[in-house]
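Novice: 3D, please:
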Amino acid sequence: MSYTIFVYRVVVKAAKAFKNMKQLICAFFLSISILSATAQNDSLPPYKRYPTVPPIQLQQLDSTTLTKEMLKKHQPVILMFFSPLCDHCKHQTQDMLARMDDLKKYQIILASYQPADEIEAFYKEFKLEKYSNIRIGRDTKFLLIPFFRMNSLPYLALYDKNGSLVTTFEGNVKVDKLLESFGDKH
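Specialist: Predicted structure coming up:
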């Protein structure tokens, strides 16, 4: 049964039970507010309403802030949200590093909400300093999880050279699938 039908039935039963008009009016407006709140929760997630690179503010390991404006223009972006202790995130990173020749034309932004020392350990473990196209930082404003309504990690959002959303992935994804999403032949 849909939520709207359920609320309607509740209001009808309430109308029969209430003897005075004030109670009926209160029940009616309560049901309208519940329907309104439900409609807002069912709306599109922000990343679909605003399908461009989000206004990231990532605290990098050197304590500077990486923002959207600092990204290279006319170069596609792979934004990967991860946790440094997540095995799936580690596997995704390994897979991507193993195919770095295929991914060198992409800006890869690794973002996490975890403490800076864990992010730094991840950075060192994978020797990410060797890759000029990879940037890493901490989402100190906690912007990305609600923006994408993430449910699992790693979470990857792909943006084309114009900054428009191509697609998103939750969980591990093969590098070939990433490249196909961008329309690259491999």
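
Novice: can you pull up the most central residue in the protein?
Specialist: In the chain, the centroid-proximal residue (CA atoms, centre = their mean) is residue 148; its distance is 2.7 Å.

Novice: what residues are up against that one?
Specialist: By CB atoms under 8 Å, 6 or more residues apart in numbering, the residues touching residue 148 are 45, 46, 47, 81, 155, 157, 168. For the C-beta atoms, the positions are set from N, CA and C on the backbone; glycine is no exception.

Novice: would you mind measuring from it to residue 63?
Specialist: Distance from residue 148 to residue 63, counting by CB to CB, to the nearest Å: 25 Å.

Novice: still on that earlier bit, just the ones in strands from the contacts of residue 148, please.
Specialist: 81, 155, 157, 168 (DSSP state E).

Novice: surely the third one is in contact with residue 163?
Specialist: Just to be clear, that refers to residue 157. No: assessed by CB atoms under 8 Å, residue 157 is found out of contact with residue 163, at 11.4 Å.

Novice: between the two, tell me which one has more neighbours.
Specialist: A direct count of neighbours by other CB atoms under 10 Å for residue 157 and residue 163 places residue 157 higher, at 24 against 16.

Novice: list the contacts of stretch 117-136.
Specialist: With CB under 8 Å, 6+ apart as the test, stretch 117-136 has contacts from 58, 60-61, 66, 82, 84-85, 90, 93-94, 97, 100, 103-112, 137-138.

Novice: buried sites along it?
Specialist: Burial within stretch 117-136, assessed by neighbour count using 16 or more other CB atoms under 10 Å, is assigned to 119, 122, 123, 126, 128, 134, 135, 136.

Novice: residue 74: which of those is nearest?
Specialist: Nearest to residue 74 among these, counting by CB to CB, is residue 135 at 16.9 Å.

Novice: okay, the closest one: pLDDT?
Specialist: Note on residue 135: pLDDT of 98.

Novice: helix, strand, or coil at it?
Specialist: Secondary structure, DSSP: H, G, I helix; E, B strand; the rest coil: residue 135 is strand.

Novice: ok, and the most crowded of the contacts of residue 148?
Specialist: For those, neighbours were counted by other CB under 10 Å; the highest total belongs to residue 157, with 24 neighbours.

Novice: circling back to that earlier point, let me know the closest of the contacts of residue 148 to residue 143.
Specialist: Nearest to residue 143 among the contacts of residue 148 is residue 46, at 9.5 Å by CB to CB.

Novice: give me every residue that touches that closest one.
Specialist: Listed by CB under 8 Å, 6+ apart, the contact set of residue 46 reads 54, 146, 147, 148, 149.

Novice: as CSV, these with distance to residue 184 would be great.
Specialist: Formatted as CSV, those follow (distance: CB to CB, whole Å):
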residue, distance to residue 184
54, 23
146, 31
147, 26
148, 23
149, 27
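
Novice: tabulate the ones in strands among the contacts of residue 148 (JSON lines), appending pLDDT.
Specialist: Below are the ones in strands among the contacts of residue 148 laid out as JSON lines (pLDDT from 0 to 100):
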{"residue": "81", "pLDDT": "98"}
{"residue": "155", "pLDDT": "98"}
{"residue": "157", "pLDDT": "98"}
{"residue": "168", "pLDDT": "98"}
